[in-house]
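Peer 1: Here's my sequence, what's the structure:
(chains A and B)
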Amino acid sequence: MTVTVKPVRRRKASFLDRLYLPAIAKGLSITFMRMFKPKVTMQFPEERWTVRDEYRGMPVLVSDDEGRPKCVACSLCEFVCPPKAIFIVPDELEAGNNVERGPAVFDLNMLRCIYCGLCEEACPEEAIFMSKNYLVWGAEREDMIFHKDKLYELGGVREEGVKKWKDK
Amino acid sequence: MMGVLGTAQLGMAPIVAHIFSKNDDGSASFGWVIGRILVVLLMVHVILILGALMVWAERRVSAWMQDRIGPNRVGPQGLLQPLADLGKFMFKEDVIPGHVNKVMYTIAPLIATIPALITFAVVPFTGSYETVGGESVAVSWQIADLNIGVLYILAIAGIGVYGIALGGWASNSKYSLLGGVRASAQMISYELSLGLAVVPVVLMAGSLNLGEIIAYQAENTWLIFTQPLAFFIFLTASYAETNRLPFDMPESETELVAGYHTEFSSMKFALFFLAEYANMTVAAALVTTLYLGGWTFFGLETLGWGMGVLIFSLKVIFFLFAFIWVRWTIPRFRYDQLMNLGWVVFLPLTLINVVLTAGAIALDQTWMFFLLPVLLIAAACVATWIGWKRDEDKFQPLPTAPAAGEEGHA
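Peer 2: As a prediction, this is how the structure comes out:
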């Protein structure tokens, strides 16, 4: 097997190179000047990464602009969820809401969620969205199962998008 | 000088001065002993606190040099970080592996730490000008006014390496043993140059007493100006003595895990850690005292003993910063490179330096002191040039590239 050899021409070390002291002085000046350069560290809890619009964080339930829950507990997200992270028990909602149905229980197990976003795509009511929240944590397994109230609280009010029940 | 801190100079009430002074016949009184113990305790705590702060400074400065911020959460600017570290060390399990020599393993951290603490006894941290026989003489204040201060420091500092070598041996593991062996071999290479670099200082000052060396510098000029080569070699050798980069072969995290303290945990590890930083403080104080005039600074020290402490501290802090600065600039030397540096470069240079200095003093040609730096730098250049000629063939350009169409065969 022939190997192509490319001889590398090296500069002959000059007297100053052999003395090493100029190189050391230069190195010291570089590290010293570095001390006053801007820092790249992000002070995490105070400073956060800004994420792009298409970022898929934790799924949350949203309310319409009047603060009413949008989910009608159709269970499409439950069916489509690949890791079966969603558990829904449908129920009737009391009068005054814009819809008659809603979830009695809406559990989202974030230990299972794979952030695929299929729930958001499947939802006919635009009630579940992938949020920008990338900080999902819990001290125990139970903490990682997010219930309905918490999901609505995290989702907040979302104004844009379809508003099917506007006139009802 | 009476009392420990020269109580008379401090302007204390005469009764206090009387309590802490010696008896009239010059023998040690009870109050004098108590006063001296108090100062010793104070100095030990200063070194310990300085060592703790150095851990913080090391992390902050290294962070700054790497475009990071460093620990800044515990207390203002992260200054209480050492306390948090201490708490961690205290409550960590003190693992003693089954394969160690328990007695040596327990003693080793102590042997490493104690010499670092007791060397500070002879380092003058401030002083004042006093009229002795019609002349104004700089009188230094230290815990123990030893006539052989320089010898004492060199001797005690040499013990420190026993702690490291013993720790490496007692751990009974490969990494530790290699670290310990490296520490002892490294000490042999630099200690000779370290000692010989001090000899011109002693020759010029005419004393082994650190206080008198400072007095000489206050009267004439700082020895860094007349002995630049000795200063440089002493500084470099002190980096090796404190096992700091670029000479941290005993520890060398990247190749020996943690070297001599691989098997140590909890407070035993903390003691090795502390010893390193205390050694750095002593080395910085020694460089300051021997070559940079100690607590003197072009007459500024005449403002009072507090000013002397301030000047001395600032000089020491600069050299402590330099330890960190160099650590993050120069990569670790190879083992044989340190040997080469110590035996082939530094030893001849220090010997020439000693002979030249001694000659200048013997001939009483003080003007030669100003010629010495020039001569020594020239000598350094010549020595390097000889080495360069010797290795010249290693730096010859490689054979020219083969002609087109012709391929080399590996």
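Peer 1: Show me where chain B dips below the pLDDT cut-off.
Peer 2: B:1-21, B:23-24, B:26, B:134, B:301, B:365-373, B:384, B:387-410 (pLDDT under 70).
Peer 1: Let me see the ranges of the strands in it.
Peer 2: Under the criterion DSSP state E, chain B contains strands at B:126-132, B:135-141.
Peer 1: what's the most buried one of those strands?
Peer 2: Among the strands of chain B, strand B:135-141 has the highest mean neighbour count (mean count of other Cβ atoms under 10 Å in any protein chain shown), at a mean of 19. All C-beta atoms are positioned from the backbone trio N, CA, C, and that covers glycine.
Peer 1: wait, which of the strands of chain B is closest to residue B:150?
Peer 2: Set against residue B:150 and scored by Cβ to Cβ, the strands of chain B come closest in strand B:135-141, at 13.4 Å.
Peer 1: tilt between the closest one and strand B:126-132?
Peer 2: Counting by axes from the mean of the first three to the mean of the last three Cα atoms, to 10 degrees, strand B:135-141 lies at 150 degrees to strand B:126-132.
Peer 1: Give me the helices and strands touching strand B:135-141, please.
Peer 2: When contacts are defined as 3 or more Cβ pairs under 8 Å, 6 or more residues apart in numbering or on different chains; DSSP states H and E, strand B:135-141 packs onto strand B:126-132, helix B:210-219.
Peer 1: Could you list the buried residues of the last one?
Peer 2: The reference is to helix B:210-219. Buried positions in helix B:210-219, judged by neighbour count with 16 or more other Cβ atoms under 10 Å in any protein chain shown: B:210-218.
Peer 1: What lies in contact with that helix?
Peer 2: B:122-124, B:127, B:137-140, B:142, B:145-146, B:149-150, B:201-202, B:204-207, B:223, B:289-290, B:293-296 (Cβ atoms under 8 Å, 6 or more residues apart in numbering or on different chains).
Peer 1: Mind checking which of these are buried?
Peer 2: So, by 16+ other Cβ under 10 Å, the buried ones in these are B:122-124, B:127, B:137-140, B:142, B:145-146, B:149-150, B:201-202, B:204-205, B:207, B:223, B:289-290, B:293-296.
Peer 1: Can you tell me which of those residues end up in helices?
Peer 2: Applying DSSP state H to the buried ones among the contacts of helix B:210-219, the entries found in helices are B:149-150, B:201-202, B:204-205, B:223, B:289-290.
Peer 1: How much space separates the residue nearest to residue A:119 when sequence neighbours are not counted from residue B:68?
Peer 2: Excluding the flanking residues, the one nearest residue A:119 by Cβ to Cβ, 6 or more residues apart in numbering or on different chains is residue A:77, at 3.7 Å. Distance from residue A:77 to residue B:68, counting by Cβ to Cβ, to the nearest Å: 43 Å.
Peer 1: Which one of the two is surrounded by more residues?
Peer 2: Comparing residue A:77 with residue B:68 by other Cβ atoms under 10 Å in any protein chain shown, the one with more neighbours is residue A:77, at 25 against 13.
Peer 1: Give me the distance between that one and residue A:157.
Peer 2: Residue A:77 is 20 Å from residue A:157, by Cβ to Cβ.
Peer 1: Check residue B:184 too.
Peer 2: If you go by Cβ to Cβ, the gap between residue B:184 and residue A:157 works out to 72 Å.
Peer 1: Which one of the buried residues of helix B:210-219 is nearest to chain A?
Peer 2: Nearest to chain A out of the buried residues of helix B:210-219 is residue B:217 (Cβ to the nearest Cβ; 25.2 Å).
Peer 1: May I see the buried residues of stretch B:104-122?
Peer 2: Of all the residues in stretch B:104-122, those buried under the rule 16+ other Cβ under 10 Å are B:105, B:107-109, B:111-122.
Peer 1: Show me these that map onto helices.
Peer 2: Residues of these located in helices (DSSP H): B:105, B:107-109, B:111-118.
Peer 1: Make TSV out of those residues and add distance to residue A:138.
Peer 2: Listed next are these as TSV, based on distance: Cβ to Cβ, whole Å:
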residue	distance to residue A:138
B:105	43
B:107	48
B:108	45
B:109	42
B:111	49
B:112	45
B:113	44
B:114	49
B:115	52
B:116	47
B:117	48
B:118	53
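Peer 1: quick revisit: more crowded one of residue B:184 and residue A:157?
Peer 2: residue B:184 (16 against 12).
Peer 1: hmm, back to that, which of the ones in helices among the buried residues of stretch B:104-122 sits closest to chain A?
Peer 2: When those are compared against chain A (criterion: Cβ to the nearest Cβ), the nearest one is residue B:116, at 26.1 Å.
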